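Student: Below are the sequence and a predicted model for it; my questions follow.
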Amino acid sequence: MQDTKLYLLLQSFTPQEVQRFRVYLQSPFFNTDETIFKLFEAIRLFLHSRNNENPTAEIVWQKMEQKKKYNNLQFNKHCSYLYQYAADFISFYQLKNTTNLLPLQYLQVLNQRNLNDLFAFHATRFQPAIEQQKENWDNYFIENFWLQQHWHQHTEQLQSRKKQLNTADVLHKLDDFYLYEKLKYWSAANHYKKLFDQPVTILWEENVLAWLQQNQQQNVIEIYRQVLLMQVSNQAELFYKNLKTTLLQTKTKQNKTTQKEIYSFLIIYCIEKINKSETNFYKEIFILYKHAIKEQLLLHKKLMSPWDFKNIITVALQQKEINWAEKFIKSHIQFLPKEEKLNAYNYNLAKVFFIQTKYNESLKLLLQVAYTDLFYQLDVKVIQAKTLYELQAWETLDNLILSFKKLVMSKRKLSKHYQISYKKFLSYLQKLLHCQEKNEVQIILQQLSNDAEVPDKSWLMEKLEMKKAL
């Protein structure tokens, strides 16, 4: 039963939500079927169980209907009803506790019933309630728009020439809502377009961009305006610096969600610069990482993404912060999801061992990395190739390069950008292996120095310089 949609939903309830749902089901206003309550009571025994018990349908039925023989059709029917009750409850609970949508809905009802005095009484007291939740920007703009919309409808219903319609306010709040959502998703679309070659069409793109470049905004909308212009403007670095200042110096004015968004786009910008061989951005990205660790911007429900973990180690090692990286692995591995801990530990510690020239230890750890993700597989191959080169295991390295090429070519989900990058790495690695004459090495060095977006470019340059000096 553990994999049913009903059990998955109920298992996601907090203990407090479980208790409130129990009261909800006992209320005759919401539920008059005693069997549904009995089913919930039977399942409740196993929710958040310390023993991680996995009840079968038959066990739950036995606790619900002790004297009746198990009936699969009836049981599924009861489960379907309970699931709908649970879905209705948690939706209502979420609305009531995280948004002002229920009071807004009440204002709409008052308008529909022409209860104009009641509307004015509640609406005038409602604006402060929205302002109190101003940090929740995702709700703030839409709620402000709906409030002005309801006021407009109310004023129209009065049919009084003495009352001035708030049409301008409705349009202004609609513009705020539109700009906030448009800029957020436009910025995200630009990122996904680069990462996955995902096409995106932006309506009125040139006109809106021209307007945005000339018109500063207020509050969080200005932040997303700068994020977008950092992606597409020829003054990108100026907007990067502005956003970095906003993140590092004025964090108290922004909520955690907004700080995380700013941080994410700054990191993406730095990575793109690094991929273009602007290595000074390694220092920038390390500053951002350390700030994010300090402010706990990387934790979601007390857990850290294994990819954030991996990127932090990569940058720390590039900055020669080897001891810091090793300490970070051991102190922060606890924040990774349980199923990711071993993989992340082996992979990242293997990278540290490589830098420390503990090549055999590094290879042993890499062999223990499970390829749960395409990029794990690709990046493991890169470290293995470098390690085999350092160990002068030429025949094994040749075989690895061949299999690595096939892997890159066979992965359709890998964007063209990443296909080209990994192909470049392999191409230069082969040139490094087979070049002999100093003139030839110098030509390859010149090509590599002018080539952008080559993984582990600094390592390749270092090995070519060493070969040139022989």
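Tutor: Now that the structure is in, tell me what you want to look at. Residues are numbered from 1 along each chain as shown.
Student: switch to C-alpha atoms for all contacts and neighbour counts from now on
Tutor: OK.
Student: Give the helix, strand or coil label for Lys320.
Tutor: Per DSSP: H, G, I helix; E, B strand; the rest coil, the secondary structure class of Lys320 is coil.
Student: List the residues that contact it.
Tutor: By C-alpha atoms under 8 Å, 6 or more residues apart in numbering, Lys320 lies in contact with nothing.
Student: So for it, what's the pLDDT?
Tutor: Looking at Lys320, its pLDDT is 94.
Student: can you give me how far stretch 400-416 is from the chain middle?
Tutor: Offset of stretch 400-416 from its chain centre (C-alpha atoms, centre = their mean, to the nearest Å): 26 Å.
Student: So, low pLDDT: which residues of the stretch 201-350 of the chain?
Tutor: For the stretch 201-350 of the chain, the stretches flagged by pLDDT under 70 are 250-253.
Student: mind running it again at 80?
Tutor: Low-confidence segments of the stretch 201-350 of the chain, defined by pLDDT under 80: 250-254, 275, 277.
Student: and after whatever helix or strand Ile293 lives in, which helix or strand comes next?
Tutor: Under the criterion DSSP states H and E, the helix or strand holding Ile293 is helix 281-294. Once the chain leaves helix 281-294, the next helix or strand it forms, by DSSP H and E, is strand 299-300.
Student: Pull the residues that contact that following strand.
Tutor: The contact list for strand 299-300 (C-alpha under 8 Å, 6+ apart) reads Ser305, Phe335.
Student: what's the spacing between the helix or strand that that strand is followed by and its chain's center?
Tutor: Per DSSP H and E, the first helix or strand lying C-terminal to strand 299-300 is strand 303-304. Distance of strand 303-304 from its chain centroid, counting by C-alpha atoms, centre = their mean, is 11 Å.
Student: Show me the domain layout of the protein.
Tutor: 5-98, 101-165, 371-470 (automatic domain parsing).
Student: Send me the helix holding Ile293 as PDB with only the CA atoms.
Tutor: Output of helix 281-294 as PDB, limited to C-alpha atoms (Å, rounded to 0.1, in the frame of the first residue of the first chain):
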ATOM      1  CA  PHE A 281      35.400  34.200 -11.900                       C
ATOM      2  CA  TYR A 282      36.600  31.200 -10.000                       C
ATOM      3  CA  LYS A 283      37.400  33.600  -7.100                       C
ATOM      4  CA  GLU A 284      33.900  35.200  -7.600                       C
ATOM      5  CA  ILE A 285      32.100  32.000  -7.500                       C
ATOM      6  CA  PHE A 286      34.000  30.800  -4.400                       C
ATOM      7  CA  ILE A 287      32.900  34.000  -2.600                       C
ATOM      8  CA  LEU A 288      29.300  33.300  -3.500                       C
ATOM      9  CA  TYR A 289      29.500  29.700  -2.400                       C
ATOM     10  CA  LYS A 290      30.900  30.500   1.000                       C
ATOM     11  CA  HIS A 291      28.200  33.200   1.500                       C
ATOM     12  CA  ALA A 292      25.500  30.700   0.500                       C
ATOM     13  CA  ILE A 293      26.900  28.100   3.000                       C
ATOM     14  CA  LYS A 294      27.100  30.700   5.800                       C
END
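Student: circling back: including mean pLDDT, distance to Thr257 and mean neighbour count, could the domains of the chain go into JSON lines?
Tutor: JSON lines is the format used below for the domains of the chain (pLDDT from 0 to 100; distance: least, C-alpha to C-alpha, whole Å; neighbours: other C-alpha atoms under 10 Å):
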{"stretch": "domain 5-98", "mean pLDDT": "91", "distance to Thr257": "15", "mean neighbour count": "15"}
{"stretch": "domain 101-165", "mean pLDDT": "88", "distance to Thr257": "9", "mean neighbour count": "16"}
{"stretch": "domain 371-470", "mean pLDDT": "91", "distance to Thr257": "27", "mean neighbour count": "15"}
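Student: now those domains in CSV, with distance to Leu228?
Tutor: Formatted as CSV, the domains of the chain follow (distance: least, C-alpha to C-alpha, whole Å):
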stretch, distance to Leu228
domain 5-98, 28
domain 101-165, 18
domain 371-470, 21
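Student: and Lys194, which of those domains is closest to it?
Tutor: Minimum separation from Lys194 across the domains of the chain (C-alpha to C-alpha) falls at domain 371-470, 7.7 Å.
Student: got the residue ranges for the helices in the stretch 201-350 of the chain?
Tutor: For the stretch 201-350 of the chain, the helices defined by DSSP state H, counting those that start in this stretch cover 205-214, 219-232, 236-249, 256-275, 281-294, 306-318, 322-332, 341-355.
Student: Show me what the helix or strand harbouring Ile444 is packed up against.
Tutor: If you go by DSSP H and E, Ile444 is part of helix 438-450. Helices and strands touching helix 438-450, as assessed by 3 or more C-alpha pairs under 8 Å, 6 or more residues apart in numbering; DSSP states H and E, comprise helix 416-434, helix 457-469.
Student: Quick one, which of the ones you listed gets closest to Lys69.
Tutor: helix 416-434 (58.9 Å).
Student: hmm, who's touching the closest one?
Tutor: Contacts for helix 416-434 (C-alpha under 8 Å, 6+ apart): 194-195, 197, 401, 405, 408-409, 441, 444, 448, 453-457, 460, 463-464.
Student: next one: stretch 110-120
Tutor: With C-alpha under 8 Å, 6+ apart as the criterion, stretch 110-120 contacts Leu107, His150, Gln153, His154, Gln157, Leu158.
Student: What is the nearest of those to Tyr7?
Tutor: Tyr7 lies nearest to Leu107 out of the contacts of stretch 110-120, by C-alpha to C-alpha, at 36.2 Å.
Student: Just confirm Phe353 contacts Tyr359, I think it does.
Tutor: Yes: if you go by C-alpha atoms under 8 Å, Phe353 and Tyr359 touch, sitting 6.6 Å apart.
Student: Of these two, which one has the most company?
Tutor: Of the pair Phe353 and Tyr359, Tyr359 is the one with more neighbours under other C-alpha atoms under 10 Å, namely 21 against 18.
Student: can you tell me which residues contact that one?
Tutor: Contacts of Tyr359 by C-alpha under 8 Å, 6+ apart are Phe353, Thr387, Glu390, Leu391.
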